[in-house]
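Enquirer: Provided below are the primary sequence and the corresponding predicted coordinates.
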Amino acid sequence: MCLDISYYSALQLIDDYFPDLIHDGDIPFDLDMGIHFMAPGHSRYPVIIFENGRYHRKYFEWGIIAEYMDTPEKVKAMRRSMVNARSEKILEDTRSFWHRIRRTRCLIPVTGIYEHREIKGWKNKVPYHIALKDRPMFCIPGLYHYNTKTPSDPETGEMRGMFTLITRAANPVMRQIHNSGDNAFRMPLFLPKETELEWLQPDLSDEAIARILAYEMPSGQLVADAVYSIRGRTPRPDGQPKCAPFTYADLPALGNDDGQMQKALF
């Protein structure tokens, strides 16, 4: 699963990316929050949809609550599995929830994502920050949903919007980073910019959706840097932001996961 993303820049980048972008509501978003944004908190995050011929920036929760999750217990047990949508489920599994909402598509602006690498003999996994070469901001395709059974915003009356981020089978370099766990060897669906924008077109056919979902970003277009612990509370010893590269002593090269015992823990 992809549970950690980063938006470490001015929101103006999003405005520059989408012509004539409409802001639907204010966003209390700052660099301290955006540098590491985690899915399990189901907090709200800026996403882009195309509606009535215009790009709109919405503020949706990460992690969809489907209508069949009709008790607090079900929501608690099942919502975590709804933060990512497997690309294979969107068209191939016609009984899946993702197939049903494939027409409500969104883009998730990021400056990078985080993923964790397991190395034999190291107590902790090593986090990596992954970005796209020569692209200070890019967007990951997703799906969004308004659950009519959940309360709307009592102040604005707006329905509660939620989104999921699409993942696919990893390319060679991401296989070497996301190399363990129940959802190993997966990565977000990275796309060229023109294909990102195509994802939002309302008349997109299933054939076009299939073509986009099948796209594999070449490994050479990724910039992957090891970073310091992103989930712990221990501050970085060098005082740099979470997304900055961090040098580990004796870190094996990607593809060589038979490392020696880790000398210094987070």
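Expert: It's in. Keep in mind the model is a prediction, meaning the values are calculated, not measured.
Enquirer: residue 238: how many residues sit nearby?
Expert: 9 (other CB atoms under 10 Å). All C-beta spots, glycine's among them, are computed from the backbone N, C-alpha and C.
Enquirer: element containing the nearest residue to it once chain neighbours are set aside, please.
Expert: For residue 238, ignoring the flanking residues on the chain, the nearest one in space by CB to CB, 6 or more residues apart in numbering is residue 246 at 7.3 Å. Element membership for residue 246 (DSSP states H and E) is empty, with no helix or strand holding it.
Enquirer: quick one: residues contacting residue 246.
Expert: 225, 226, 227, 228, 236, 238, 240 (CB atoms under 8 Å, 6 or more residues apart in numbering).
Enquirer: buried ones among the residues you listed?
Expert: Neighbour-count burial within these applies to 226, 227, 228; the criterion is 16 or more other CB atoms under 10 Å.
Enquirer: columns distance to residue 160, pLDDT and secondary structure on top of these, output as a markdown table?
Expert: Shown next, in a markdown table, are the buried ones among the contacts of residue 246 (distance: CB to CB, whole Å; pLDDT from 0 to 100; DSSP: H, G, I helix; E, B strand; the rest coil):
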| residue | distance to residue 160 | pLDDT | secondary structure |
| --- | --- | --- | --- |
| 226 | 37 | 97 | strand |
| 227 | 33 | 97 | coil |
| 228 | 35 | 95 | coil |
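Enquirer: can you show me the strands along the protein?
Expert: Along the chain, counting by DSSP state E, strands occupy 4-6, 22-23, 37-38, 44-51, 54-62, 84-86, 105-110, 112-117, 126-132, 138-146, 161-169, 186-188, 222-226.
Enquirer: any chance of these in CSV, plus distance to residue 176?
Expert: Below are these laid out as CSV (distance: least, CB to CB, whole Å):
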stretch, distance to residue 176
strand 4-6, 18
strand 22-23, 39
strand 37-38, 23
strand 44-51, 28
strand 54-62, 26
strand 84-86, 20
strand 105-110, 21
strand 112-117, 7
strand 126-132, 10
strand 138-146, 20
strand 161-169, 14
strand 186-188, 11
strand 222-226, 9
